[in-house]
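Participant: Following is a predicted model, sequence given first.
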Amino acid sequence: MRISVTRDRFRLAEAFTISRGSRTEAQVLTVTVDWQGVRGRGECVPYARYDETLDSVEAQIMGLAPDFQNMSRADFDDLDLGRHLPPGAARNAVDCAVWDWWAKSAGRRIWEIVPDWPEPGPVETAFTLSLAPPEAMRAAATKHAHRPLLKVKLGGEGDMARLEAVRAGAPKTRIIIDANEGWTAEEYSELAPHLVRLGVDMVEQPLPAGDDGMLGEIARPLPVCADESCHDRASLPGLRGKYDMVNIKLDKTGGLTEALALRDAARGEGFGIMVGCMVGSSLAMAPAVLVAQGAEIVDLDGPLLLAEDRDSPLYYDEEGAHPPDAALWG
């Protein structure tokens, strides 16, 4: 068995900005597992917020290569990547490549080989408006007002003007807010009534992870979703009483395996489910579409932000993001 890593870059259709900075391309790692004439692929997006770089994540993945080379089929079928890698981008790419290998080696779709897994359908997805001056965000909102759900990036001085501009540009569209840890408790408390007034459905990660205890003490007049504060099932005890939803991203959980387990555990504890993504290609979104089945909010718009994508990309239409073609993944 051979495991390999390549670096791929995908140009964005336009600059993408959040409270932590801007980017003009998606830089990803593609993992390939080759064995017995079958090839499985997975993608991850190393994220500096979690102290990840392309170099550090590639080193983690390639550290597994010697173990994979001499692995028996029995060992492979019982593989528990959680024993080898922590939650994060490296484990995500390997885990998704392994799932893809299993499906392709069986010549069937993943949902056909997993017991009691119903065939997935399309999921309505948000479209993200990146952080910009109010007039630019109003123009972007007007351009995308036909979409059913807009995700608005905020997290800085002038946020109220930006949100008012977006609502003016898309008066009938559902809106969710992502502050990317950019507010203080005082700022959130001041803004929250205005979010309700403007018909915002949910606010994502208003306070910094690790400094979000006040969410358990102040009023939450609209649902609050944990993003940077939620990685895997081990995160859940620290979210109780502070958050109403969790944002599941495969690059945080460490792949499809833990993402599914986190979804079920979070639902069992009464949390709403959001399934999100980093800015990556269709290969990164493909397994997340499976996790997103039945989620209250889906934000898998990465490919919609790109100027170029993988071969056999995900298909998007008025119903949302469709399950992947077998040629892409799974």
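Facilitator: In hand now; what should we look at?

Participant: In the stretch 1-150 of the chain, where is pLDDT below threshold?
Facilitator: Across the stretch 1-150 of the chain, nothing is flagged by pLDDT under 70.

Participant: hmm, 80 instead?
Facilitator: 19-21, 65, 67-79 (pLDDT under 80).

Participant: Strands along that one, start to end?
Facilitator: Counting by DSSP state E, counting those that start in this stretch, the stretch 1-150 of the chain has strands at residues 2-18, 21-35, 38-44, 127-129, 149-153.

Participant: And the contacts of the shortest one?
Facilitator: Here strand 127-129 makes contact (Cβ atoms under 8 Å, 6 or more residues apart in numbering) with 16, 137, 140-141, 144, 147, 149-153, 166, 178, 299, 301, 304-305. From N, CA and C alone the C-beta is placed, and that goes for glycine too.

Participant: Distance from it to the middle of the chain?
Facilitator: 13 Å (Cα atoms, centre = their mean, to the nearest Å).

Participant: and the residue nearest in space to the middle of the chain, what helix or strand is that in?
Facilitator: For the chain, the residue nearest the mean C-alpha position is Cys277 (1.9 Å; Cα atoms, centre = their mean). Per DSSP states H and E, Cys277 falls between elements, in no helix or strand.

Participant: Surely it and Lys249 touch.
Facilitator: Yes - shown here, Cys277 and Lys249 form a contact pair, counting by Cβ atoms under 8 Å, at 6.0 Å.

Participant: shared neighbours of the two, anything?
Facilitator: Common neighbours of Cys277 and Lys249, counting by Cβ under 8 Å, 6+ apart, are Ala288.

Participant: For Ala286, give me its contacts.
Facilitator: 96, 314, 323-324, 328-330 are the contacts of Ala286 under Cβ under 8 Å, 6+ apart.

Participant: let's go with 7 Å and repeat that
Facilitator: 314, 324, 328-330 (Cβ atoms under 7 Å, 6 or more residues apart in numbering).

Participant: pLDDT on the host helix or strand of it, on average?
Facilitator: Assessed by DSSP H and E, Ala286 sits inside helix 282-291. Mean pLDDT, helix 282-291: 98.

Participant: cool, and stretch 183-194?
Facilitator: Stretch 183-194 comes out at a mean pLDDT of 93.

Participant: One more: stretch 318-325?
Facilitator: Across stretch 318-325, the average pLDDT comes to 97.

Participant: end-to-end on it?
Facilitator: Taking Cα to Cα, to the nearest Å, stretch 318-325 runs 18 Å from one end to the other.

Participant: Residues touching it, excluding its own?
Facilitator: 120, 122-125, 285-286, 289, 300, 312, 314-315, 330.

Participant: Could you do stretch 191-208 as well?
Facilitator: The contact list for stretch 191-208 (Cβ under 7 Å, 6+ apart) reads 159-160, 163, 167, 174-181, 183, 185, 188, 214-215, 221-229, 245, 247, 297.

Participant: Of the residues you listed, just the buried ones, PyMOL syntax please.
Facilitator: Here is the PyMOL command that picks out the buried ones among these, judged by 16 or more other Cβ atoms under 10 Å:
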select buried, resi 159+163+167+174+175+176+177+178+179+180+181+183+185+188+215+222+223+224+225+226+227+228+229+245+247+297
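
Participant: So which of the contacts of stretch 191-208 are in helices?
Facilitator: 159-160, 163, 167, 185, 188 (DSSP state H).
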